[in-house]
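Asker: From the sequence below, what's the structure:
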Amino acid sequence: MTTSLRWREARQKQPHRIFLRDCFVTAFLAMTFSILLFSCGQDKKTIVIPSDVLSKEKMTEVLTEIHLAEAEVNMKTLPDSIATEKLSFHQLFDKNKITRAQFEKSLSFYIDHPELLNEVYEQVLNELSKMQVVRQ
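Answerer: Sure, this is the predicted structure:
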């Protein structure tokens, strides 16, 4: 039995586990990236989030939804498949009443302040963990 055939059978039997695994893999990579940035060493000081940047809570909400949407697209596309599904964030931005420019500016701000990005991703992981508990 080939690996792709076993993968397809496992996916059909337990799609929610694969979905959650993909969510956590994405979140883990993002968290690792933020920790690496955080460890570069910046002085501890209070950082004021500008008014045109999404709050930590809103950024957490948006990033959680983005990771869930990415995982959903990944579940619909088989690894050996030629066809891929495109991920569009327009509906997600509309739902959260933000623009792509706001999100990009906010993401740039948080990347420039890795300690804040780390705090946001800790909350993203918490939200994904809560969702996993509910699904089990």
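Asker: From now on I want contacts and neighbour counts done on CA atoms only, so please keep to that.
Answerer: Fine.
Asker: Which of the helices or strands spans Lys45?
Answerer: Following DSSP states H and E, one finds Lys45 outside all helices and strands.
Asker: What of Phe103?
Answerer: With DSSP H and E as criterion, Phe103 is part of helix 100-112.
Asker: Touching that helix from outside, list them.
Answerer: Contact with helix 100-112 is made by 34, 52-54, 59, 90, 93, 116-117, as judged by CA atoms under 8 Å, 6 or more residues apart in numbering.
Asker: Let's see that with 7 Å instead.
Answerer: 53-54, 93, 116-117 (CA atoms under 7 Å, 6 or more residues apart in numbering).
Asker: now the helix or strand containing Lys130 against helix 100-112, angle please.
Answerer: If you go by DSSP H and E, Lys130 is part of helix 114-135. Computed by axes from the mean of the first three to the mean of the last three CA atoms, to 10 degrees, the angle separating helix 114-135 from helix 100-112 equals 110 degrees.
Asker: Only alpha carbons, please: show helix 114-135 as CSV.
Answerer: Output of helix 114-135 as CSV, limited to C-alpha atoms (Å, rounded to 0.1, in the frame of the first residue of the first chain):
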residue,chain,number,x,y,z
PRO,A,114,8.3,40.4,18.4
GLU,A,115,7.4,40.4,22.1
LEU,A,116,3.9,41.6,21.1
LEU,A,117,3.7,39.1,18.3
ASN,A,118,4.7,36.4,20.8
GLU,A,119,1.9,37.5,23.1
VAL,A,120,-0.6,37.4,20.2
TYR,A,121,0.5,34.0,19.1
GLU,A,122,0.2,32.6,22.6
GLN,A,123,-3.4,33.7,22.5
VAL,A,124,-3.9,32.2,19.0
LEU,A,125,-2.5,28.9,20.3
ASN,A,126,-4.9,29.1,23.3
GLU,A,127,-7.9,29.7,21.0
LEU,A,128,-6.9,26.8,18.8
SER,A,129,-6.4,24.6,21.9
LYS,A,130,-9.9,25.5,23.1
MET,A,131,-11.3,24.6,19.7
GLN,A,132,-9.6,21.3,19.8
VAL,A,133,-11.1,20.5,23.2
VAL,A,134,-14.5,21.4,22.0
ARG,A,135,-14.2,19.1,19.0
